[in-house]
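**Student:** quick one, fold the following:
(2 chains)
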Amino acid sequence: MKVLRRLGVDVSFPEDQTCCGQIAFNGGFRSRAADVAKHFLDVFENEEQVVVPSGSCASMIKVYYRELFEDDPETLERAQAVGEKTREFSDYIVNVVGTSDVGAASEGLVTYHDACHLLRELRIKEAPRDLIGGVRGVELQEMENSDACCGFGGLFSVKFPEISTAILDEKLKTIAESGAGAVVANDCGCLMHIRGAMERRGMNICAMHLAELLAEDGTDG
Amino acid sequence: MAEVKSAEFKKASGRALRDEKLQHSLEHVMEHFVGARASVIENDFGDENWEAMRTRAAAIKQSTLEHLDYYLDMVDRSVRRNGGHVYFADDAAQANAIVLDIAKRNGVKTVIKSKSMVSEEMGINHILEREGIEPVETDLGEYIIQLAGETPFHIIAPAMHKTRQEVSALFQEWLKTAPTQDIKRLCVYARDALREKFAAADMGISGANFVVAETGTVCLVTNEGNGRMTTSAPRIHVVLAGMEKIVPAVEDLALFLRLLPRSATGQRITSYNTFVGGPRAPSDEDGPEEFHLVLVDNGRLNLLRDEVMREALRCIRCGACLNHCPVYRKIGGHAYGWVYSGPIGAIVTPPMTNMKVARDLPYASTLCGTCKDVCPVKIDIPRLLLHLRHKVAEGALGERSTTWMERLFVGQWHGAMRNRKALEGKANLGRLLTRPFARGGKVRKLPFAPMVSGWTASRDFPAPAPRSFARLWREELAHDNAHPNGTEQG
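**Tutor:** Numbers count the residues shown, from 1 in each chain, chains lettered A, B, ... in the order given. Sure, this is the predicted structure:
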């Protein structure tokens, strides 16, 4: 919000919003997901543009609503219209607002984790990197296999926690090896997963959303 | 049919994760395959051309599947024209009976086999052994797992989980060879043992990478030459092929033989590409006297009938989805519990065997999408996994099999997410319930919540924020309105 307002965007937060429905959809509970997705459409349908801060939510709305409503042509049409005006946060700033410098400042080395849905469903790869590059005092240090899954996978992380954590181990290793002081991602799921394990293990690396980095103006480090 | 042990997925994957030796092999072999594939594609074609080839291959396979009855009929006529016999088997039992009948009719004592995944589905080795016929796998990897009494660990590298020490021990036990750590030496031992079998065998059983409808040609892709021996040395050659293995014309092979080895092992071409046109013709100097092609359904119709799942039959069994899958790379092949493993195993096993027994498999994926990107025939594996999950959660009575815990969770979630007021209510309840376990904004242990405790075993869980974003936002707006000219507080 702070970042978007700094860019002069007129931001609103429709208060009746809840969830895009992905968790139930991915669990196979499509009728439950459809109810919640319809609520999402009710809330956002009349907005000019919808900005979503999480890659997998954005891909649910833009890609998987088509699947969810394939047998419901009326809702499908609404979903497609909302899907078209929905943009993921970094994509919106770079490709709609048209800047990669949001006036942010911080310091140190930052590495970037490509969240799976952001990269492989929405094919967004450069925008977040451009934005990190635009932060004064920050240098982007790529980790090895930045496009490798972190092992979160929504339900997967609670259904098969051992496998999920084993995959995460690889990710944490490459993050640590990058030498960066912070890892940035644009997906709240990955971040909760990565941050949760880093904190449990007492790793001295910060896991942050791109918006958190962009909100820094250099005054609070 | 081979036993389906997919219900043990969770236990078996846990065992694999704790097996350090296995983790080591997985890391190295997978890394090798992934690296080799990437560099050969970049060198030879580049992303754009490769993409165009995949698109074309997907279209050829899909259109063949859409008209499968037509092409099956064409295969039947072509093979018979070449002097061979064609059989259609509904399931593993029928396919086994057909092969057994051919063997018995011909007084067969020894069968040599080149690699065939369909034969693994059928569990034919046990059936032959029971009848006093000796089946011998001649692909080195398959030979090793046959001696070990195991199923393939990987579609194209069935014994990749075995160390040289383990192979040496198996050879000492079964071939009475001397102990050695030298891989070349071990290959010589296997070669010596297999030579005798090749010479003695009455019947050869092979799989098929492709069956060309127009000509009745069976195409085999191998690296060891055993395929060529199996199809030419014995008197009788039996081909076992899934009914989806058909391509319409020989020209199509020009495309598929470029895609397959590069996707599988990162090779430009395998050591042997074998094309079998039927039994020996009067003018031929050698080759089998009899040629039999068994086209096997064994659950494939369940895939074909389902318009969404149909594309799974485009699979050419390259194994690229396994090599790139973060889950397979951690747990390997045996945890999947049947013949096929990794992402392709997760989508074909439930419909081909039993949805309830294999219910965990569609969920055994992070949906990261890498499998879809590397598939040479563009199977949208994540979409098919989601489709199967829908069946498990809300499908027909015979397929549905969620736990009460999952249903309870989704019910609660559904109640909370239909409007904001309900969500705030539940969130307040969540704050109340987690408060005793939260330290510094983190929850380290949640003993009363079975689904969440899996999470907190290895990761902290963020405690609910004391105030919701919506409330903070409301307060900020109120503040802005009260101080319309105020500057933003950084």
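**Student:** what about B:V136, which helix or strand?
**Tutor:** strand B:134-137 (DSSP states H and E).
**Student:** does the closest residue to B:G395 other than its chain neighbours sit in a helix, a strand or a coil?
**Tutor:** Among residues not flanking B:G395 along the chain, B:M355 sits closest, at 7.6 Å (C-beta to C-beta, 6 or more residues apart in numbering or on different chains). Every C-beta, even on glycine, is put in place using the N, C-alpha and C of the backbone. Assigned by DSSP: H, G, I helix; E, B strand; the rest coil, the conformation of B:M355 is coil.
**Student:** what about B:M355, how many neighbours?
**Tutor:** Per other C-beta atoms under 10 Å in any protein chain shown, the neighbour tally for B:M355 reads 21.
**Student:** which residues touch it?
**Tutor:** B:L388, B:K391, B:V392, B:G395, B:G398, B:E399, B:S401 (C-beta atoms under 8 Å, 6 or more residues apart in numbering or on different chains).
**Student:** quick one: end-to-end distance for stretch B:121-138.
**Tutor:** 18 Å (C-alpha to C-alpha, to the nearest Å).
**Student:** and it, what's buried?
**Tutor:** B:E121, B:M122, B:G123, B:I124, B:N125, B:I127, B:L128, B:I133, B:P135, B:V136, B:E137, B:T138 (16 or more other C-beta atoms under 10 Å in any protein chain shown).
**Student:** list just the nearest of the residues you listed to chain A.
**Tutor:** B:E121 (25.7 Å; C-beta to the nearest C-beta).
**Student:** for the helix or strand harbouring the closest one, packing partners?
**Tutor:** Secondary structure from DSSP H and E places B:E121 in helix B:117-122. When contacts are defined as 3 or more C-beta pairs under 8 Å, 6 or more residues apart in numbering or on different chains; DSSP states H and E, helix B:117-122 packs onto helix B:92-105, strand B:236-242, strand B:290-296.
**Student:** what's the first helix or strand after the longest one?
**Tutor:** It refers to helix B:92-105. According to DSSP H and E, the helix or strand after helix B:92-105 is strand B:110-113.
**Student:** just to revisit the earlier point, need the contact partners of the strand holding B:V136.
**Tutor:** Contacts of strand B:134-137 (C-beta under 8 Å, 6+ apart): B:109-113, B:115, B:124-125, B:128-129, B:143, B:145-146, B:194, B:197, B:201, B:205.
**Student:** ok, now with 7 Å
**Tutor:** B:K109, B:T110, B:V111, B:I112, B:K113, B:N125, B:L128, B:E129, B:Y143, B:Q146, B:K197 (C-beta atoms under 7 Å, 6 or more residues apart in numbering or on different chains).
**Student:** tell me the mean pLDDT for the longest helix seen in chain B?
**Tutor:** Determined from DSSP state H, the single longest helix within chain B is helix B:20-44. Helix B:20-44 shows a mean pLDDT of 95.
**Student:** flag every buried residue along it.
**Tutor:** By neighbour count with 16+ other C-beta under 10 Å, helix B:20-44 contains the buried residues B:L22, B:Q23, B:S25, B:L26, B:V29, B:M30, B:F33, B:V34, B:A36, B:R37, B:V40, B:I41.
**Student:** after it, heading C-terminal, what element do we hit next?
**Tutor:** Helix B:20-44 is succeeded, C-terminally, by helix B:46-66 (DSSP H and E).
**Student:** how about the CA coordinates for that next one, as CSV?
**Tutor:** Output of helix B:46-66 as CSV, limited to C-alpha atoms (Å, rounded to 0.1, in the frame of the first residue of the first chain):
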residue,chain,number,x,y,z
GLY,B,46,17.4,-23.5,-28.7
ASP,B,47,14.3,-22.9,-26.7
GLU,B,48,12.1,-21.7,-29.6
ASN,B,49,12.7,-24.7,-31.9
TRP,B,50,12.4,-27.1,-29.1
GLU,B,51,9.1,-25.6,-28.1
ALA,B,52,7.9,-25.9,-31.7
MET,B,53,8.9,-29.6,-31.7
ARG,B,54,7.1,-30.3,-28.5
THR,B,55,4.0,-28.6,-29.8
ARG,B,56,4.1,-30.7,-32.9
ALA,B,57,4.8,-34.0,-31.0
ALA,B,58,1.9,-33.2,-28.7
ALA,B,59,-0.4,-32.6,-31.6
ILE,B,60,0.5,-35.9,-33.4
LYS,B,61,0.1,-37.9,-30.3
GLN,B,62,-3.2,-36.2,-29.3
SER,B,63,-4.7,-36.7,-32.7
THR,B,64,-3.7,-40.3,-32.8
LEU,B,65,-5.4,-40.8,-29.4
GLU,B,66,-8.6,-39.0,-30.6
